[in-house]
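Peer 1: Sequence and predicted model, in that order:
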Number of protein chains: 2
Amino acid sequence: MRVGELSRRSGVPIPTIKYYLREGLLAPGVATAANQADYTEEHVRRLKLIRALIDVGRVSVAGAREVIDALSADGRDPLDLLGEAQYAIAPRHRPGRESPEWPAARERVVALVEARGWLVHPDSDVIDLVADALSAGDRLGVAEFFHNLEGYADAAVQVAAMEVRSVLARPDPAAQMELVVLGTVLGEALFSALRMLAHQHESARQLGFSPPTPADHGVNPAP
Amino acid sequence: MRVGELSRRSGVPIPTIKYYLREGLLAPGVATAANQADYTEEHVRRLKLIRALIDVGRVSVAGAREVIDALSADGRDPLDLLGEAQYAIAPRHRPGRESPEWPAARERVVALVEARGWLVHPDSDVIDLVADALSAGDRLGVAEFFHNLEGYADAAVQVAAMEVRSVLARPDPAAQMELVVLGTVLGEALFSALRMLAHQHESARQLGFSPPTPADHGVNPAP
């Protein structure tokens, strides 16, 4: 297909497609004439993946290229690829690692991993990311919020088990890795929004508001 | 305290504090002389809150001001305040609402809310945010990932119930609202990182890797 159809199919404007081509996020099409190239279904998929990373995952263009590069390396160990994709998607700005609270927070995460027998490398970057959030809570005077770390871990493993099953049900490694990347980003957006919705419900419930009646689906104050 | 001590206590550089004062994120101190003002513990807390929103929550300065304004309005209904804080923290960029998949995704969220009897207003902005993530999955060809929406809802309500209990255990409405804001941002960062860690574990487990031995806490391939 021509670049115009690629734009229509992917929903990405032509100047943006040209930018991604220059930046190496998108492989060039097959040249058919001077200034004209032919693109494939693979380009449509790749563009959708890039847009999901940038629009939904709020990943930078540089971060998106790291993910694309990791995806393009064939025959890699799937756990290594998962780690690289996670690293590329994770926030770059990591404040607070020099704070006095950080080492204790990291120890707490390592203890959780060991107590649960989680199959995680003890040097994983993601352990540091968990420690970032925990120690931020300590620094900001809301340590009580993370008192029940086990409760978070239960919910996280429940969601992750379901998501990994979904990935492994895909037929081949390329399709699996695409779902790892999209699923990491989209699953986070979905859980984040559902958690906010559940905050509304739980706040109303724990404050003693009554369930909505069939005629009115809003929140009714208890009499 | 002087601005120098406020900077030291909060970890925020003086030029940044002056910027927040100009932008109205921080109330002015009490003037003690020309070009000199006195700040309080309240200023320290407020600065930490602003930094958490911007550093951990990746909220813009404008978004942080919306949250601060909502917090500063006294005597408000707590559920209204929760809604405003959520709205300010949520991503501003909401692609895909014009897509043909969006209305059906929103219907699916409304049906979930009704089936569970969640105490949520049917016009809540957060319903739209859930629909954004769901419909992005449809558009990107990974609808299977969200097949088990109930599983996500179970985990979300489990986390939210725990978090709301933590908020309501605080002694007064101001302290509660501070925890709503910080907790929404920090809890999301914590869950996001724990979910990635659980992805590593579940991938290794479902791919048949064996648990680590006491001598080696890394991941061992099964023989």
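Peer 2: Yes, it's here. Since the structure is predicted, the reported quantities are computational estimates derived from the model, not experimental observations. Numbers count the residues shown, from 1 in each chain, chains lettered A, B, ... in the order given.
Peer 1: and the gap between the residue nearest the centre of chain A and A:Gly11?
Peer 2: Centroid check for chain A by Cα atoms, centre = their mean gives A:Val185 as the closest residue, at 2.7 Å. Here A:Val185 is placed at a distance of 17 Å from A:Gly11 (Cβ to Cβ, to the nearest Å). Backbone N, C-alpha and C define where each C-beta goes, glycine included.
Peer 1: swap in A:Gly29?
Peer 2: Distance, A:Gly29 to A:Gly11, by Cβ to Cβ: 18 Å.
Peer 1: neighbour count winner among the two?
Peer 2: The neighbour count for A:Gly29 versus A:Gly11, taken as other Cβ atoms under 10 Å in any protein chain shown, is higher for A:Gly29 (18 against 14).
Peer 1: buried ones in the lowest-mean-pLDDT helix or strand in chain A?
Peer 2: Within chain A, no helix or strand scores below helix A:78-89, which has a mean of 76 by mean pLDDT, DSSP states H and E. Across helix A:78-89, burial judged by 16 or more other Cβ atoms under 10 Å in any protein chain shown covers A:Pro78, A:Leu79, A:Leu81, A:Leu82, A:Gly83, A:Glu84, A:Ala85, A:Gln86, A:Tyr87, A:Ala88, A:Ile89.
Peer 1: Isn't A:Val181 up against A:Ile50?
Peer 2: No - applying Cβ atoms under 8 Å as the test, A:Val181 and A:Ile50 come out as separate, 10.3 Å apart.
Peer 1: Hmm, A:Ile54 is touching A:Ala62, no?
Peer 2: No - using Cβ under 8 Å as the test, A:Ile54 is too far from A:Ala62 to be in contact (10.8 Å).
Peer 1: So the two - more neighbours on which side?
Peer 2: Shown here are A:Ile54 and A:Ala62; by other Cβ under 10 Å, A:Ile54 has more neighbours (20 against 11).
Peer 1: check which helix or strand covers the spatially closest residue to the more buried one that is not a sequence neighbour.
Peer 2: Spatial nearest neighbour of A:Ile54, excluding adjacent residues (Cβ to Cβ, 6 or more residues apart in numbering or on different chains): A:Ala64 at 5.9 Å. Here A:Ala64 sits within helix A:61-72, counting by DSSP states H and E.
Peer 1: Give me the angle between that helix and helix A:78-89.
Peer 2: 170 degrees (axes from the mean of the first three to the mean of the last three Cα atoms, to 10 degrees).
Peer 1: Make sure A:Pro95 is indeed in a helix.
Peer 2: No - the assignment for A:Pro95 is coil, going by DSSP: H, G, I helix; E, B strand; the rest coil, so no helix is present there.
Peer 1: right, and A:Leu186 touches B:Leu140 too?
Peer 2: Yes - with contact defined as Cβ under 8 Å, A:Leu186 and B:Leu140 form a contacting pair (7.3 Å).
Peer 1: list residues touching both of these two?
Peer 2: Applying Cβ atoms under 8 Å, 6 or more residues apart in numbering or on different chains, one finds that A:Leu186 and B:Leu140 are jointly contacted by A:Ala52.
Peer 1: wouldn't A:Val130 be in contact with B:Leu190 here?
Peer 2: Yes - counting by Cβ under 8 Å, A:Val130 touches B:Leu190, with 6.7 Å between them.
Peer 1: which one of those two has more residues nearby?
Peer 2: A:Val130 (30 against 27).
Peer 1: where along chain A do the helices fall?
Peer 2: A:3-10, A:14-23, A:41-51, A:61-72, A:78-89, A:102-116, A:125-139, A:149-168, A:173-206 (DSSP state H).
Peer 1: hang on, the earlier thing: against chain B, how distant is the residue nearest to A:Ile54?
Peer 2: Distance, A:Ala64 to chain B, using Cβ to the nearest Cβ, to the nearest Å: 14 Å.
Peer 1: Please report the number of neighbouring residues for that residue.
Peer 2: A total of 23 residues lie near A:Ala64 under the criterion other Cβ under 10 Å.
Peer 1: follow-up on the earlier one: of all the helices of chain A, which one is nearest B:Glu5?
Peer 2: With Cβ to Cβ, the closest approach to B:Glu5 among those belongs to helix A:125-139: 17.6 Å.
Peer 1: residues of that closest one that come out buried?
Peer 2: Across helix A:125-139, burial judged by 16+ other Cβ under 10 Å covers A:126-139.
Peer 1: again with stretch A:42-52
Peer 2: So for stretch A:42-52, counting by 16+ other Cβ under 10 Å, buried means A:His43, A:Val44, A:Arg45, A:Arg46, A:Leu47, A:Lys48, A:Leu49, A:Ile50, A:Arg51, A:Ala52.
Peer 1: So for it, could I get the coordinates as CSV, restricted to C-alpha?
Peer 2: Extracted in CSV, the C-alpha atoms of stretch A:42-52 (Å, rounded to 0.1, in the frame of the first residue of the first chain):
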residue,chain,number,x,y,z
GLU,A,42,3.4,-5.3,9.2
HIS,A,43,3.8,-1.5,9.0
VAL,A,44,0.1,-1.0,10.0
ARG,A,45,0.6,-3.2,13.1
ARG,A,46,3.9,-1.5,14.0
LEU,A,47,2.4,2.0,13.7
LYS,A,48,-0.5,0.9,16.0
LEU,A,49,2.0,-0.4,18.5
ILE,A,50,4.0,2.9,18.4
ARG,A,51,0.9,4.9,18.9
ALA,A,52,-0.2,2.7,21.9
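Peer 1: just how off-centre is it within its chain?
Peer 2: How far stretch A:42-52 lies from its chain's middle: 16 Å, per Cα atoms, centre = their mean, to the nearest Å.
Peer 1: Likewise for stretch A:37-55?
Peer 2: The answer for stretch A:37-55 is 18 Å, by Cα atoms, centre = their mean.
Peer 1: pLDDT averaged over that stretch - what is it?
Peer 2: The average of the pLDDT scores along stretch A:37-55 is 88.
Peer 1: Pull the residues that contact that stretch.
Peer 2: A:1-3, A:5-6, A:9-12, A:17, A:20, A:25-32, A:59-61, A:63-64, A:67-68, A:89, A:178, A:181-182, A:185-186, B:93, B:95-96, B:136, B:139-141.
Peer 1: now those: which count as buried?
Peer 2: By 16+ other Cβ under 10 Å, the contacts of stretch A:37-55 give A:1, A:3, A:6, A:10, A:12, A:17, A:20, A:25-26, A:29, A:59, A:63-64, A:67-68, A:89, A:178, A:181-182, A:185-186, B:95-96, B:136, B:139-141 as buried.
Peer 1: Many thanks, I have nothing further to ask.
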